[in-house]
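S.K.: Here's my sequence, what's the structure:
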Amino acid sequence: MSKSGTMPNGSSREVSTSADDLIALGNRHVTKGLSRLTEGILAKGQGSYVQYEDGKKFLDFSSGIGVTSLGHCHPKVSQAAAKQCLTVVHAQCSIAFHRPYLELVERLLPVMPHPSLDSFFFWNSGSEAVEAAIKLARVATGKQNIIAMQGSFHGRTYGAMAVTNSKTIYSEGVLPLMPGVFSIPYPYWHQYGLPPSTPSSTLVAQSLYQLELLLAQKSAPCDTAAIIVEPLLGEGGYVQAPPEFLQGLRTICDKYSILLIVDEVQSGFARTGKYFNIEYSGVRPDIMVIAKGLANGFPLSGVVSRKELTDKLKSGCMGGTYAGNAVSCAAAVAVADAFKEEKILANVQARSKELFARLETLRADPAVAPYILDVRGTGLMASVEFTSPSGPGADFDPLTKKDSPKNFASRVSKECLARGMIILTTSAYEVVRFIPPLNITAEDLKKGVDIFSEAVKQVVREG
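M.R.: Below you'll find the predicted structure:
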């Protein structure tokens, strides 16, 4: 069904009201640069489930790519945002303070992974926060170069894109990117062409050696402003960095007066069983980037550092029209309160044990065991890596399995969708990632893993 409307240029057209008409309009007029897992219209979200306009309901193990950590439309968060909408929506950060901004700082100070992290700037997206972190590092040190990790993902804007190394799709055709960026391998066995059983000590030693070599050959310490790292590699395959690696980075940064930027956009806010993943290593970030689970779906990100560094910034050099939006900040305050009141960390820890136990049971199944390379992650940020006949460097990769099903991960994702669950792939390898809501029930977790297991077995049967 449709009704007539008037275009800005005075011409008339029919205004679409049916789902089919709107989908057709979207396919014509929404940029091709966006990809979509499904072609339907997502109409409603509640807790761990989403519903499309055609009535189909899905268990959501994507959480909007790690964003709706308290589930869709959490009552406390939605009510806080609605209430703020009736007070002030846009209190621009360069004009005045607003109460939700300051209340959010108040909530976050006690949960920072180190007491030195006491200076906050809120923005809209993870990419913008990474840009601000790089800017801060360069200004504070008077140095330019940035060292990133192979397999990393930090965003699609130019500075963030320059330190992103997970896939070429993000920067293909738009070079040159921001100069002064170098990278080293992450302590991930597949990046070294080694088996999953490789001791973490070997991987850590190799990565730290490559870092020292880079500092000797390509980017002198006197030119290096910062090292940026995800403590749990996200788009690169959901790989947990060993504590010794992060501790090694801290030691090298201290040795050469280099700042350590820790990107907790995806791994932060209880996703991995602690408020921030960096806590597992005891490492102190100089700058920390946050987003995603911060506001449970409302656009908000942040850069946190110590005041002695941020005091080096000139007033006005940071900002943004919508930075630290009042509605988003109000939602984030409600998220912080809900985390405490609903004992979210305890639920993550309990559900994580169940998740990994069930995935290990699947890996032990003789029918699928030959096709599962790894089960890994921390908390409720987990992944399964499958074999491939044609992955990156297949001719030189000792883990290439010629009789493995092609496109294993995307086929598993598609099979899960057909069975009523949304789950995503990640990385240049064949990896499926688990990022369910942090307050997911034991029943829904079991249901999701059962669907995933059935999907994996189906792909193995089809070959």
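S.K.: What is the least confident helix or strand in the chain?
M.R.: strand 2-6 (a mean of 52; mean pLDDT, DSSP states H and E).
S.K.: From the centroid of the protein, which residue is nearest?
M.R.: Computing the C-alpha centroid of the chain and ranking residues by C-alpha atoms, centre = their mean puts Q266 first, at 3.1 Å.
S.K.: That one falls within a helix, correct?
M.R.: No - going by DSSP: H, G, I helix; E, B strand; the rest coil, the assignment for Q266 is coil, not a helix.
S.K.: Spatially nearest residue to it (excluding sequence neighbours)?
M.R.: Residue nearest to Q266 in three dimensions, not counting chain neighbours: G234, with 4.4 Å by C-beta to C-beta, 6 or more residues apart in numbering. Every C-beta, even on glycine, is put in place using the N, C-alpha and C of the backbone.
S.K.: number of nearby residues for that neighbour?
M.R.: Per other C-beta atoms under 10 Å, the neighbour tally for G234 reads 27.
S.K.: my guess is it contacts I435, does it?
M.R.: No - here G234 does not reach I435: they are 9.6 Å apart, not a contact under C-beta atoms under 8 Å.
S.K.: Could you tell me which residues touch both of the two?
M.R.: Q266 (C-beta atoms under 8 Å, 6 or more residues apart in numbering).
S.K.: gap between D21 and E39?
M.R.: 13 Å (C-beta to C-beta, to the nearest Å).
S.K.: actually K353, sorry about that
M.R.: 37 Å.
S.K.: same question, F386
M.R.: 26 Å.
S.K.: Between these two, point out the one with more neighbours.
M.R.: The neighbour count for F386 versus E39, taken as other C-beta under 10 Å, is higher for F386 (26 against 9).
S.K.: returning to that earlier point: show the contacting residues for the residue nearest to Q266.
M.R.: G234 neighbours (C-beta under 8 Å, 6+ apart): S152, F153, S166, V265, Q266, S267, T426.
S.K.: Neighbour-wise, give me the winner out of those.
M.R.: S267 (30 neighbours).
S.K.: I'd say it and N277 touch.
M.R.: Yes - S267 lies in contact with N277 (C-beta under 8 Å); the separation is 4.0 Å.
S.K.: What number of residues are in the vicinity of G33?
M.R.: 6.
S.K.: ah, wrong one, I meant P176
M.R.: 8.
S.K.: Roughly how far does it sit from L424?
M.R.: Applying C-beta to C-beta to P176 and L424 gives a distance of 30 Å.
S.K.: same question, P299
M.R.: 20 Å.
S.K.: Same drill for those two, tell me which one is more crowded.
M.R.: More neighbours surround L424 than the other of P299 and L424, with 20 against 17 (other C-beta under 10 Å).
S.K.: Hmm, the more buried one is touching V432, no?
M.R.: Yes - with contacts counted by C-beta under 8 Å, L424 reaches V432, the gap being 7.3 Å.
S.K.: Between the two, which contacts overlap?
M.R.: S413.
S.K.: Break down the stretch 101-250 of the chain into its helices, ranges please.
M.R.: Remark: helices assigned in the stretch 101-250 of the chain by DSSP state H, counting those that start in this stretch are 126-141, 158-162, 200-217, 243-256.
S.K.: can you give me how far the longest one is from the chain middle?
M.R.: Pointing back at helix 200-217 there. 25 Å (C-alpha atoms, centre = their mean, to the nearest Å).
S.K.: Give me the buried positions along that helix.
M.R.: L203, V204, Q206, S207, L208, L211, L214, L215 (16 or more other C-beta atoms under 10 Å).
S.K.: cool, stretch 170-182 as well?
M.R.: For stretch 170-182, by 16+ other C-beta under 10 Å, it's Y170, S171, M178, G180, V181, F182.
S.K.: before we move on, what about stretch 140-155?
M.R.: 140-141, 143-155.
S.K.: Go through these and say which is closest to G47.
M.R.: F153 (27.6 Å; C-beta to C-beta).
S.K.: After whichever strand or helix holds G302, which helix or strand is next?
M.R.: Following DSSP states H and E, one finds G302 within strand 301-305. Where DSSP H and E defines the elements, the next helix or strand beyond strand 301-305 is helix 307-310.
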